[in-house]
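1. sharing a sequence plus its predicted fold:
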Amino acid sequence: MRHCLQYGDEEICYQVNRVDSRKQKISIHVYPDGTVQVDAPTDADLVGIFDAVRVRARWISKRLEEIRKRNLHVLPREYVSGESYFYLGRRYLLKVNENPGEVGRAKLTGRYLQVFAPTAEQALIKRFVKVWYRARAKELFARRLSELAEQIVWLREMPPVKLLTMRIQWGSCSPSGVVVLNPNLVKAPRECVDYVILHEVCHLKEHNHSHKFYRLLTELMPDWERHKLRLDGLAEALLND
Ligand SMILES: [Zn+2]
């Protein structure tokens with residue numbers, strides 16, 4: 001039987017495997033395919049089992065995250081229906097719609113990233129997906145920057161923003177004051193996007209990672225460290241397109 005429990009914003013589902021022994025204690029296994037199995041003695045009630053899972057939810061969640069990451073690392077990203085794509089921290093499934101009359105476009109509908117293309121050739125689909133991400137990134141970064149700028153009293157004028165796909169960096173700030181952002185950042189949760197924008201904007205005033213820089217950043221985003229850690233954990237999956 002399958003049961004689920006809510007942990008933060010994720011749902012952990014597990015199956016209960018009854019073990020016919022009174023000595024058996026409740027034990028939890030996370031298998032490489034992402035299955036969570038709870039071995040429990042026949043007389044253990046479901047509430048007790050649920051509690052045991054809840055107590056170890058953090059550990060289970062970490063194991064599942066490792067599995068997801070490993071899978072993303074091992075499998076080269078494919079541009080075929082069913083592949084996962086991230087947008088603002090959420091996972092969407094790619095759906096390729098082949099139609100000879102199409103010029104090529106992508107859009108989000110429900111839990112799908114739909115691509116309409118004249119052929120399903122992967123290189124072509126990849127191009128439309130990239131164009132879509134770039135357009136979303138451009139729009140979102142400009143909007144967030146202007147919204148965030150309202151709370152930055154020392155910012156005299158809006159810095160120019162440039163998009164640049166980088167292998168290992170989310171953003172940078174040039175000595176001339178251009179904020180450079182990685183379009184792949186649009187795949188990360190909104191708070192992580194804000195964190196990177198604020199980090200780079202703070203470099204307009206402090207061109208280093210000094211105490212003054214971090215004080216400035218902390219004033220604007222007191223919990224920036226949390227978002228940075230989250231982003232670090234996602235780097236491998238999101239920077240690798
Ligand atoms: Zn920096």
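-> Here it is on my side, so go on.

2. ok, which stretches of this structure are helices?
-> 46-55, 57-74, 122-149, 190-202, 211-220, 224-239 (DSSP state H).

3. the fourth one vs helix 122-149, what angle?
-> If I follow you right, that is helix 190-202. Between helix 190-202 and helix 122-149, the angle comes out at 70 degrees (axes from the mean of the first three to the mean of the last three C-alpha atoms, to 10 degrees).

4. contacts for helix 190-202, please.
-> For helix 190-202, contacts defined as C-beta atoms under 8 Å, 6 or more residues apart in numbering pick out 88-89, 140-141, 144-145, 148-149, 152, 155, 159, 170-173, 179-181, 185-186, 213, 216-217, 220-221, 224, 227-228, 230-231, 234. Every C-beta, even on glycine, is put in place using the N, C-alpha and C of the backbone.

5. buried residues in that helix?
-> By neighbour count on 16 or more other C-beta atoms under 10 Å, the buried set for helix 190-202 is 191-202.

6. can you list the domains in this protein?
-> 2-74, 84-130, 135-239 (automatic domain parsing).

7. just put those in CSV and tack on mean pLDDT.
-> Shown next, in CSV, are those (pLDDT from 0 to 100):
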stretch, mean pLDDT
domain 2-74, 86
domain 84-130, 93
domain 135-239, 94
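
8. go through the helices of the chain and name the closest to residue 32.
-> The closest of the helices of the chain to residue 32 is helix 57-74. By C-beta to C-beta, the value is 6.4 Å.

9. was I right about residue 220 contacting residue 152?
-> Yes - in terms of C-beta atoms under 8 Å, residue 220 counts as a neighbour of residue 152; the distance is 6.5 Å.

10. shared neighbours, those two?
-> Shared contacts of residue 220 and residue 152 (C-beta under 8 Å, 6+ apart): none.

11. my guess is residue 63 contacts residue 30. True?
-> Yes - contact criterion C-beta under 8 Å: residue 63 and residue 30 qualify, at 4.0 Å.

12. gap between residue 193 and residue 212?
-> Residue 193 sits 24 Å away from residue 212, going by C-beta to C-beta, to the nearest Å.

13. now stretch 230-241, how far from the centre of its chain.
-> Put simply, stretch 230-241 sits 7 Å off its chain's centre (C-alpha atoms, centre = their mean, to the nearest Å).

14. can you check stretch 117-128 too?
-> On the basis of C-alpha atoms, centre = their mean, stretch 117-128 sits 24 Å off its chain's mean C-alpha point.

15. which residues are contacting it?
-> Stretch 117-128 has contacts (C-beta under 8 Å, 6+ apart) with 78-80, 94, 96-106, 115.

16. biggest separation within those, which pair?
-> Within those, 78 and 101 form the most distant pair, 24.8 Å apart (C-beta to C-beta).

17. who has more neighbours out of the two?
-> For residue 78 versus residue 101, neighbours defined as other C-beta atoms under 10 Å are more numerous around residue 78 (13 against 6).

18. what pLDDT does that one get?
-> Looking at residue 78, its pLDDT is 81.

19. residues contacting it?
-> Residue 78 touches residue 122, counting by C-beta under 8 Å, 6+ apart.

20. that one and residue 123, how far apart?
-> Distance of residue 78 to residue 123, given as C-beta to C-beta: 12 Å.

21. count the residues that sit near residue 105.
-> Counted with other C-beta under 10 Å, residues neighbouring residue 105 total 13.
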